[in-house]
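S.K.: Sequence first, then the predicted structure, then my questions.
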Amino acid sequence: MADKNATERLSTNAAGIARAAEILRDGGLVAVPTETVYGLAARADSDRAVAKIYAAKGRPSFNPLIVHVASVTQAKELADFSAEAESVAARMWPGALTLVLPVKSDAALASAITAGLPTLALRMPDHPAMRDLIEMTGCPLAAPSANRSNAISPTTADHVLETLDGRIDAVIDGGKCQKGLESSILAIRHDGRWEELRPGPVDLDALRRSVSDGEVVDAAMGAIEAPGQQIRHYSPGKPLRLNAAVPEEDEFMIGYGNISGDIALSDRGDLGEAAMRLYSTLHAAAKSDRPRIAVAPIPEQGIGKAINDRLRRAAA
Ligand code: TXA
Ligand code: MG
């Protein structure tokens, strides 16, 4: 059982993926790299396996999970795709976009996954380890970020083990995650309305313009249907001050662009690099001997919006 044995560290090679698939088929838990953050995977069709995700994370049971698929065909067995949803998936998958769509009544899914909602969150990740694993396991995988509830999301296997060692069966070590921030979450409603439930690597305004007329409603803060998006989230466990130009003496300073610090998110002012480094930097700040953290201003544009969203939650 996961709570008695040590967590196995697996490689992304064929033997590692085969071992991980075996654990998952048996109803176990495996942390898996994706291009966004590491996910904590269980087979999505098993109540018992999915219940273990909630137990290992200490996650409230009203918070629904994202189901990961290896193809659009597999996704269509689980949710109803409008023509517009289909063209969004064709454009953006595999990638860092999660689609929230009406769940099919006959979908073979553990009931905890949707937590009673009439919708399902779906994503086809762009990481060979995750896609190979879904194919080899032979069923879609439910996977939240692989951290204890409210802790910082993991972008390395070591981050995963910091909070979940001994609580999960295995972690596949695929090195650092390329994007470093959780996927953008887009709900496409029955009436065709688009709602941004979580900002992320994919710019939903630009996506909307390229697909159809209309706007994207910002539902990220306090939306009833994104219960995981509570304001306090992604916590480094100490006070964090935003938009700081100069650190106080007891602050660990996180720099950006011209503003230097103990660590810089990106000293050349590259937002993509800053996103990739955000969580590992917060992990380092959390571990430092200084009791408080300060962060330089991050431009509110492109993926900078998602970085600021996570920083505001970390500061709350
Ligand atoms: O990049 C990601 O999305 C990562 C990787 C592993 O795929 N996953 C991730 O999962 O960030 P998690 O559980 O940490 O965040 C998923 C968010 C939660 O805030 C949850 O409330 C929301 O998605 N969610 C899941 N199903 C939903 C639904 N049917 N309607 C609205 N929000 C939903
Ligand atoms: Mg999470």
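M.R.: Nice, I can see it. If you're wondering where the values come from, they're calculated on a predicted model, not measured in any experiment. Numbers count the residues shown, from 1 in each chain. Ligands and ions are numbered 1, 2, ... in the order given.

S.K.: okay, CA-based contacts and neighbour counts for the rest of this
M.R.: Noted.

S.K.: Report the contact partners of the residue nearest the centre of the chain.
M.R.: Nearest to the geometric centre of the chain sits residue 182, at 3.5 Å (C-alpha atoms, centre = their mean). Contacts for residue 182 were tallied using C-alpha atoms under 8 Å, 6 or more residues apart in numbering; they are 36, 37, 96, 200, 201.

S.K.: one more time with 10 Å, if that's ok
M.R.: Contacts for residue 182 (C-alpha atoms under 10 Å, 6 or more residues apart in numbering) come out as 34-39, 96-98, 144-145, 153-155, 198-201, 275, 306, 310.

S.K.: Just these: which are in helices?
M.R.: Cross-referencing these against helices under DSSP state H gives 275, 306, 310.

S.K.: any idea how far the first one lies from ligand 1?
M.R.: If you measure residue 275 against ligand 1 using C-alpha to the nearest ligand atom, to the nearest Å, the figure is 13 Å.

S.K.: neighbours around the nearest residue to that residue once chain neighbours are set aside, how many?
M.R.: Of all residues not flanking residue 275 in the chain, residue 180 sits nearest, at 5.7 Å (C-alpha to C-alpha, 6 or more residues apart in numbering). Neighbours of residue 180 under the rule other C-alpha atoms under 10 Å: 27.

S.K.: Residue 180 contacts residue 145, correct?
M.R.: No: at 11.4 Å, residue 180 and residue 145 do not qualify as touching, with contact defined as C-alpha atoms under 10 Å.

S.K.: joint contacts of those two?
M.R.: Counting by C-alpha under 10 Å, 6+ apart, the residues touching both residue 180 and residue 145 are 34, 36, 37, 38, 153, 154, 155.

S.K.: Any stretches of the stretch 1-150 of the chain with poor pLDDT?
M.R.: Low-confidence segments of the stretch 1-150 of the chain, defined by pLDDT under 70: 1-5.

S.K.: Next to ligand 1, which bits of it? Give me the list.
M.R.: Contact residues (C-alpha under 6 Å from any ligand atom) of the stretch 1-150 of the chain with ligand 1: 36-39, 63-66, 100, 114, 117, 119-121, 143-145.

S.K.: Can you show me the helices along the stretch 151-300 of the chain?
M.R.: 157-164, 204-211, 271-287 (DSSP state H, counting those that start in this stretch).

S.K.: Now a PyMOL select for only the buried ones of the residues of the stretch 1-150 of the chain next to ligand 1.
M.R.: For the buried members of those, the matching PyMOL selection, counting by 16 or more other C-alpha atoms under 10 Å, is:
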select buried, resi 36+37+38+39+63+64+65+66+100+114+119+120+121+143+144+145
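
S.K.: related to what we said a few turns ago, want to throw the shared contacts of residue 180 and residue 145 into a markdown table with distance to residue 214?
M.R.: Formatted as a markdown table, these follow (distance: C-alpha to C-alpha, whole Å):
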| residue | distance to residue 214 |
| --- | --- |
| 34 | 31 |
| 36 | 27 |
| 37 | 30 |
| 38 | 33 |
| 153 | 32 |
| 154 | 35 |
| 155 | 34 |
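
S.K.: For the residue of the chain most remote from its centre, grab phi and psi.
M.R.: Ranked by distance from the centre of the chain (C-alpha atoms, centre = their mean), the top residue is residue 249, with 33.5 Å. Phi and psi for residue 249, reported as degrees, to the nearest 10, are phi -60, psi -40.

S.K.: Tell me the spacing between it and ligand 1.
M.R.: Residue 249 is 34 Å from ligand 1, where distance means C-alpha to the nearest ligand atom.

S.K.: what's that residue in contact with, if anything?
M.R.: Going by C-alpha under 10 Å, 6+ apart, the list of residues near residue 249 reads 290, 292.

S.K.: quick one: the strands in the stretch 1-150 of the chain?
M.R.: 8-11, 30-32, 39-43, 66-68, 97-102, 119-123, 141-142 (DSSP state E, counting those that start in this stretch).

S.K.: for the closest residue to residue 297 other than its chain neighbours, phi and psi?
M.R.: In this structure, residue 297 finds its nearest non-sequential neighbour in residue 243, 4.1 Å apart by C-alpha to C-alpha, 6+ apart. Main-chain dihedrals, residue 243, degrees, to the nearest 10: phi 50, psi 40.

S.K.: pLDDT score assigned to the residue farthest from the centre of the chain?
M.R.: At residue 249, the pLDDT value in this model is 96.

S.K.: Distance check, it against residue 292.
M.R.: Applying C-alpha to C-alpha, to the nearest Å, the value for residue 249 to residue 292 is 9 Å.

S.K.: Let me see the domain layout of the protein.
M.R.: Recorded structural domains for the chain (assignment: automatic domain parsing) are 8-218, 240-315.

S.K.: Report the two of the shared contacts of residue 180 and residue 145 separated the most.
M.R.: 34 and 153 (12.1 Å; C-alpha to C-alpha).

S.K.: who's in contact with the residue lying closest to residue 299 once chain neighbours are set aside?
M.R.: Distances taken as C-alpha to C-alpha, 6+ apart put residue 305 closest to residue 299, at 7.6 Å, once the chain neighbours are dropped. The neighbours of residue 305, taking C-alpha under 10 Å, 6+ apart as the test, are 199, 200, 201, 203, 271, 298, 299, 311.
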